[in-house]
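J.: The following block contains a protein sequence and its predicted model.
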Number of protein chains: 6
Amino acid sequence: MFFHKQELQFKAVPDKPDALYARKLQEVLGGQYGEITIAMQYGFQAWNTHIPGKWRDLLFGIGSEEFGHVEMLAIMIAQLLEKAPATHTEAAVGSDPVMAAVIGGMDVQHAIVAGAGARAVDSNGNPWQGSYITASGNLMADFHANANGEMQGRVQAARLYHMTDDKGVKDLLSFLIARDTMHQNQWLAAIAELRAEGVEALPVPSNFPQADEHSPVAYQYLNFSDGKAAAEGTWASGPTPDGNGEFSYHDGPTTSAPMPPPTQPDPRLYGTDPKPNLMDKVTAKVKDVTGN
Amino acid sequence: MFFHKQELQFKAVPDKPDALYARKLQEVLGGQYGEITIAMQYGFQAWNTHIPGKWRDLLFGIGSEEFGHVEMLAIMIAQLLEKAPATHTEAAVGSDPVMAAVIGGMDVQHAIVAGAGARAVDSNGNPWQGSYITASGNLMADFHANANGEMQGRVQAARLYHMTDDKGVKDLLSFLIARDTMHQNQWLAAIAELRAEGVEALPVPSNFPQADEHSPVAYQYLNFSDGKAAAEGTWASGPTPDGNGEFSYHDGPTTSAPMPPPTQPDPRLYGTDPKPNLMDKVTAKVKDVTGN
Amino acid sequence: MFFHKQELQFKAVPDKPDALYARKLQEVLGGQYGEITIAMQYGFQAWNTHIPGKWRDLLFGIGSEEFGHVEMLAIMIAQLLEKAPATHTEAAVGSDPVMAAVIGGMDVQHAIVAGAGARAVDSNGNPWQGSYITASGNLMADFHANANGEMQGRVQAARLYHMTDDKGVKDLLSFLIARDTMHQNQWLAAIAELRAEGVEALPVPSNFPQADEHSPVAYQYLNFSDGKAAAEGTWASGPTPDGNGEFSYHDGPTTSAPMPPPTQPDPRLYGTDPKPNLMDKVTAKVKDVTGN
Amino acid sequence: MFFHKQELQFKAVPDKPDALYARKLQEVLGGQYGEITIAMQYGFQAWNTHIPGKWRDLLFGIGSEEFGHVEMLAIMIAQLLEKAPATHTEAAVGSDPVMAAVIGGMDVQHAIVAGAGARAVDSNGNPWQGSYITASGNLMADFHANANGEMQGRVQAARLYHMTDDKGVKDLLSFLIARDTMHQNQWLAAIAELRAEGVEALPVPSNFPQADEHSPVAYQYLNFSDGKAAAEGTWASGPTPDGNGEFSYHDGPTTSAPMPPPTQPDPRLYGTDPKPNLMDKVTAKVKDVTGN
Amino acid sequence: MFFHKQELQFKAVPDKPDALYARKLQEVLGGQYGEITIAMQYGFQAWNTHIPGKWRDLLFGIGSEEFGHVEMLAIMIAQLLEKAPATHTEAAVGSDPVMAAVIGGMDVQHAIVAGAGARAVDSNGNPWQGSYITASGNLMADFHANANGEMQGRVQAARLYHMTDDKGVKDLLSFLIARDTMHQNQWLAAIAELRAEGVEALPVPSNFPQADEHSPVAYQYLNFSDGKAAAEGTWASGPTPDGNGEFSYHDGPTTSAPMPPPTQPDPRLYGTDPKPNLMDKVTAKVKDVTGN
Amino acid sequence: MFFHKQELQFKAVPDKPDALYARKLQEVLGGQYGEITIAMQYGFQAWNTHIPGKWRDLLFGIGSEEFGHVEMLAIMIAQLLEKAPATHTEAAVGSDPVMAAVIGGMDVQHAIVAGAGARAVDSNGNPWQGSYITASGNLMADFHANANGEMQGRVQAARLYHMTDDKGVKDLLSFLIARDTMHQNQWLAAIAELRAEGVEALPVPSNFPQADEHSPVAYQYLNFSDGKAAAEGTWASGPTPDGNGEFSYHDGPTTSAPMPPPTQPDPRLYGTDPKPNLMDKVTAKVKDVTGN
């Protein structure tokens, strides 16, 4: 159960309205890596987790905080929109480049659809969607997703920090950036702990038997481009991070197989099929090449 | 530029058609973490990268391999669909649970739309979309996205491995799983190398001055749920992975701020506003509480 | 701020797993009228509201409850999936129609993507999206959206009630259906109260001056089909619910205007334009008909 | 069957082109509550209705009118775009804030994709989608959806009315706003009539036996936030609109249940599971708490 | 304006309900090439057309017919769903493979969301979307889109024809297939007429000066794969269909350019940049290769 | 398999950055008819093709070229964004209309999400999606889709050509326009060749027996609007392009059928049903009209 308190975790009041910036801030509210994504991702990971105790408590503990971040951003955006222009005359635009920028650049749905309110969309007006979140049930994989989410989120907030001079907005961003710092560190610590405790190892999933994978290519760097410098990386030689192998470098593929012949499905699917005599030739030729 | 060779990196021929399984395999072709995502993600990261040499070569080198994986899966799926039923009579269903499962469970668009061909969709028929990919220009963040992608991909392929008995399909999966092993290791090695070379440090982005973040909360674990076990984790005490701080544990928030009063936008946006006398009271009350 | 408690509002434990039903239950979790929609809709309405006191408290008060309903359904679905088949052999299907139905009918992404976990999608696997929610800032309009949401939700839950014999599932549904009863009644009461207090009247938005609408058609029923029975309804004669007019019935439109001539944009947009001499004729003819 | 007449229901000619406004007008053509939604919603409700005579005639009668509204808006938008700039030089922008606004604010796809034509998208360029419409087969629920649709639509048109000075555009909007007035009233009358005739009652669906719902919570207002003012509303005490109960007010939930233990699906789904000894402790603890 | 008549263009009554087939039929109602696409595409082309007379009349004339096809399919689907199972017991499934197929294979939203009604979605439940349609303002391009639409539609209807034994359904399909025959022929005739009358020529758009294209590659077949047989086609030698050139065949590209150096955007976008001394080397090397 | 070469097919370097134009160029990269669509469409057609030799080689041969076009556009866009503003002060905007246009009109996600990099989206920020592509297995239908794709693509590139004065950008566009000229011609040649060789004839699919279609309406032009000029077209009289019939012109439908009575599904789906006595009347009346 969730309980709400009519307080915010941090002050979320802009010095003055700025409809243009409100649109930009939507990215960290309803974008691919916005707070809705983060809150819902931790929620679904918690509800689906197979492992009790500290891992589930961790997910519940910060998931709920993130719903509060959704709220802070929504309330900030509503205030930034408070003076969004409801009318538009050519004269006004003609005399004022700032107004031109606002009218040109604000999210028009902020006014028309939401009446100067925040929306569950990104900075281009794309609705938030459930496919932004990751919850596979595998904690090592999912915690990497979480670390990535907090990194992308902090990068975006840092970029937004320079796109305004509003002290109130910057203060909120500096708070959110600090929390992203925490959460990046937290997931990296949790990843290390999963490994240290042997809950999951590498490669993920660690309980799939490596004997069942095609082991000759499991540690080969295969270069499908003509740049040579990738051979200089630690991914091209030396021991692998999972501790199970040794990297090697190869220019191009080390395996290959003939292209199978085209399929011949039921003619009542009305695809375009070869004429019979042509098909015989094809089959013969493929047999020549592949030997079966 | 990309050049195509009419060979595959590995044999992709099923022992026999299986329309039901073809649908499942669509997940690792056109799903959130399917090969289209992986190939396009590495492509856009390469095209947008700001750093030449081994990093860009790495992205081009394996991005191009991944387009070949898209091809292997598409060709495998087309062959699995080769005997997909084009007709349907109630009699046939009545006598045959296997046929019932096939008719019930196959992706109907495989037959109706693609005529027994692979599609750019996931296992539920959701079209692949550009918002699955991540390319922020920050390599530390993006390589974590890549590691996550390869982990989710290997988890899914491992799950699919048990959903078939077809030797041809399992062989292809064992090849792809091995490549996922490689690519997981590769990105983890690259992450370590970024840090070792000082190209990026933690927290990401590392050149945003930490002085500008609200530092008191930058290393606090704040527990917004009532489970206590998260305090046991390495994310709740001790040094932080970025080397810049010390974790601390707190039950609930360490900061708070009053909820701002509701906004009062232009009345011509036709939202529902308070009556004037009511609003005066509200404003007064908020001032009482907040002192400004 | 939101605070989480590791308890549920009601028991959410199925008698036994049922992967087929888990898929169906996704509709009321992540569908157009699922609990995510309801929770987020009330949240955004609260954050955007312009009116303090009982209206905002109402939105916060039940919005937070709805996030707990999201949680109950997610946890129920995870348990329904607990024995979802991880393997699949033709033999198993061949001997067992129940297994055939499960394999044919379950959401394959439940296994492949989520490892037997709930997802932020509907019963067909479409991801939840931000465009499901409504928050216009106009409370009369939005409360009708809310009443509709609770009605659609109760209809769907009632349908789902008959699609299972599982006592645990039915218990949870009977709880959710009762809450939908409450919330339907609540929004209808709130609608009446908005009107009684004069906060909003009809038609919505009530402060747009009706003098500015084209009043001759403001209360006309115009019948654009050939069925005559609509004339029998209270919408075709008698006083209008807004108290401002009298309904009248008309077969077909009471107004009309000529179709404007085709547009002639800049030729460098490369549309297909008429030849000059043809266009002259067109313009002349349109002038004939329209008189200007 | 639908028959088309090359006339419009009302004059739809702007005084002059305005590419910036054309974008805004897209909202009421192809947005969540645009005319395409309304027309398709009434169409699908008519085609799916289970009840003949006045109800179906009503749906057909105005559904067809709404397709004509789609047409009026599309034709208006095409004319507003007639002088959309096909070329762009920095010089032109440099000297002219109006042009800057146009170039900055117009929907670039209007020019690039449609060659100065209307599109089936909203004002942010999101394509119209079938999930905007509601047609559940339950008329009481669906007519509330319709009333909501006409309210949101009238709110948006009223907002757009102030965003232009163009007399031709305002005339068309005043016509559409008047029709929204009619349709709001019409659906509210139809809702009253459904109830008066006993076709549907409250709560919806009225033929689901209320005995099957968990009745103790069916009329309780449960406050999950810390605002107290919701207790003042008519939804917190007194008789309920459905005539079947009495509202009561409660701070927080009146029921609760323990959180179920985490699920343990098939290990071949490769989720992260607890170690055996850990799981024993968890199960024991849950039994302690729940008593079963 | 559109006027509706409560008659259908052709009988649309199935011999008996078939919920499984209802789902399949959704493809030609709400899929990428379903009747909604066709109707809306012709509608938007008509509203946006720049050329009056026969071309616009043609678009209006059949566009309106297509809305009637939407109606016929919706009504057929509703009838196919008339006996869709509202309940589900394991026993029923256990004894009956047909029921297993129905439960496994039907669109579950048909029951849960629409109460046995048609929906604006495809056969996998993806909502119809505005991005399925094409209306560029260029009639030659758009008529090719229309011809393609009618071809894909007829292919899908032909496939569906074999997936049922229901005489009523087959009759309707045979009617729709015949209309697709007409419409394919009609668009091909219209394409020929556009060219014959000189309204548009090839290549499209024909009034873009070919002098402004990079003419050396305008008629070269460039083979980027290693299959040689494409050289046998009429697209590899001989005169071109536009009458302006001569095809030639080339193995691989006939032009090339060096890859530009990586970009160096503002550091406050927090991408990962090269270290200064590294970047100098890169720039120097690129200059070596490109000579500028 | 695909192999990458770190060269481009043509020079893709702008004279100077232009963030506003970068957004526009996204249309031909990630839009409905952008290069991603074209590359993926040819890829899936190749992988699904049932016919070997020149047809498959053709698809592979140019599909691979198109992936290189994706790359050229992505790299061009990244360079156009190289000086995208990372900061924003009101003062800057106030003094500079050009900057106002840039800030108002650029894709804000270019900066916030991609750090001045290209994205897999269109010019309005809609993510590319798998439903843009067509691969039915029927080559005649698909080649018409391809011809349409190249025509729409060339129209868009031609429009973009006039929206910039940048010589570097125009050069790249003139190269891409020339390749579109080639590919339009190529698909039209291939269509003719399919027909000449008898691989497919008209109407598509040509092996569906025309005896099974409702032949009376197979060549009738039916006019559902009130414009008469469509009778003048070659689609209204004379021989049909498929060589199998003769066009005829008819005002309105030549067939009709009564509207079926409303459906009566299981009451536990809780739709709104007629009362029993009403339904009897309806059924009787429908029998009167239809005679069965």
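T.: The structure has been received and is ready for your questions.

J.: can you pull the contacts of the closest residue to A:R154 other than its chain neighbours?
T.: Excluding the flanking residues, the one nearest A:R154 by Cβ to Cβ, 6 or more residues apart in numbering or on different chains is A:D180, at 3.7 Å. Heads up, the C-betas are built off the backbone N, CA and C, glycines and all. Taking Cβ atoms under 8 Å, 6 or more residues apart in numbering or on different chains, we find A:D180 in contact with A:150-151, A:153-154, A:157, B:203.

J.: can you give me the helices for the stretch 151-292 of chain A?
T.: A:167-196, A:276-290 (DSSP state H, counting those that start in this stretch).

J.: Would you mind checking the average pLDDT for the last one?
T.: Helix A:276-290 shows a mean pLDDT of 61.

J.: Now do the contacts for A:Q109.
T.: Residues in contact with A:Q109 (Cβ under 8 Å, 6+ apart) are A:119, A:121, A:125, D:27, D:31, D:122-124.

J.: ugh, wrong one, I meant A:I38
T.: A:66, A:69, A:149-150, A:153.

J.: Any chance of a markdown table for the residues you listed, columns distance to chain C and neighbour count?
T.: Formatted as a markdown table, the contacts of A:I38 follow (distance: Cβ to the nearest Cβ, whole Å; neighbours: other Cβ atoms under 10 Å in any protein chain shown):
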| residue | distance to chain C | neighbour count |
| --- | --- | --- |
| A:E66 | 9 | 22 |
| A:H69 | 10 | 28 |
| A:G149 | 15 | 29 |
| A:E150 | 19 | 26 |
| A:G153 | 18 | 28 |
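
J.: now those residues in JSON lines, with pLDDT?
T.: As requested, the contacts of A:I38 are arranged in JSON lines below (pLDDT from 0 to 100):
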{"residue": "A:E66", "pLDDT": "98"}
{"residue": "A:H69", "pLDDT": "98"}
{"residue": "A:G149", "pLDDT": "98"}
{"residue": "A:E150", "pLDDT": "98"}
{"residue": "A:G153", "pLDDT": "98"}
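
J.: Among those, which are located in helices?
T.: With DSSP state H as the criterion, helices contain A:66, A:69, A:149-150, A:153 from among the contacts of A:I38.

J.: just the contacts of A:Q109 now: which is nearest chain C?
T.: A:V121 (5.4 Å; Cβ to the nearest Cβ).

J.: Dig out what that closest one forms beta bridges with.
T.: Here A:V121 sits in beta bridges with A:P127, going by DSSP bridges.

J.: which residues does it contact?
T.: A:26, A:30, A:107, A:109, A:127-128, C:130-131, D:124.

J.: What of A:L139?
T.: A:49, A:51, A:55, A:190, A:194, A:199-200, D:272.

J.: Can you tell me how far it is from chain C?
T.: Relative to chain C, A:L139 is positioned 11 Å away (Cβ to the nearest Cβ, to the nearest Å).

J.: same thing with A:S206?
T.: According to Cβ to the nearest Cβ, A:S206 stands 14 Å off from chain C.

J.: If we ignore the residues flanking it in sequence, what's nearest that residue?
T.: Excluding the flanking residues, the one nearest A:S206 by Cβ to Cβ, 6+ apart is A:E200, at 5.2 Å.

J.: Give me the mean pLDDT for stretch A:244-256.
T.: What stretch A:244-256 shows for mean pLDDT is 97.

J.: Name the surrounding residues that touch it.
T.: Residues from elsewhere that reach stretch A:244-256, judged by Cβ under 8 Å, 6+ apart: A:202-203, A:210, A:216-224, A:230-231, A:234-240, B:7-10, B:65, B:175, B:185-186, B:189, F:1, F:3.

J.: From the chain's centroid, how far away is that stretch?
T.: Centroid separation for stretch A:244-256 versus its chain: 29 Å, with Cα atoms, centre = their mean, to the nearest Å.

J.: What of stretch A:173-190?
T.: Centroid separation between stretch A:173-190 and its chain, computed with Cα atoms, centre = their mean, is 16 Å.

J.: same check, this time on stretch A:181-198
T.: On the basis of Cα atoms, centre = their mean, stretch A:181-198 sits 19 Å off its chain's mean C-alpha point.

J.: For that stretch, list every residue counted as buried.
T.: Residues of stretch A:181-198 classed as buried by neighbour count (16 or more other Cβ atoms under 10 Å in any protein chain shown): A:181-191, A:193-194.

J.: Intersect the residues you listed with the contacts of chain B.
T.: Contacts with chain B within the buried residues of stretch A:181-198, as defined by Cβ under 8 Å from any Cβ of the partner chain: A:181-182, A:184-190, A:193.

J.: Any chance of TSV for these, columns distance to B:T37 and pLDDT?
T.: Formatted as TSV, those follow (distance: Cβ to Cβ, whole Å; pLDDT from 0 to 100):
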residue	distance to B:T37	pLDDT
A:T181	28	98
A:M182	29	98
A:Q184	23	98
A:N185	27	98
A:Q186	26	98
A:W187	21	98
A:L188	24	98
A:A189	28	98
A:A190	25	98
A:E193	29	97
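
J.: Name the residues of the lengthiest strand in chain A that are buried.
T.: Across chain A, the longest stretch assigned as strand under DSSP state E is strand A:246-251. Across strand A:246-251, burial judged by 16+ other Cβ under 10 Å covers A:247, A:249.

J.: partners of that strand in the sheet?
T.: strand A:220-223 (parallel), strand A:238-239 (antiparallel).

J.: Grab the nearest non-local neighbour of the closest residue to chain C within the stretch 151-292 of chain A.
T.: Across the stretch 151-292 of chain A, the shortest distance to chain C (Cβ to the nearest Cβ) belongs to A:P205, at 9.2 Å. Once flanking residues are discounted, A:P205 sits nearest to D:Y270: 3.6 Å by Cβ to Cβ, 6+ apart.

J.: unless I'm mixing things up, that neighbour is touching B:L160, no?
T.: No - at 10.9 Å, D:Y270 does not count as touching B:L160 under the criterion of Cβ atoms under 8 Å.

J.: neighbour count winner among these two?
T.: Of the pair D:Y270 and B:L160, D:Y270 is the one with more neighbours under other Cβ atoms under 10 Å in any protein chain shown, namely 27 against 24.

J.: got the contact list for that one?
T.: Contacts of D:Y270 (Cβ under 8 Å, 6+ apart): A:137-138, A:205, A:207-208, B:155, B:158-159, C:115.
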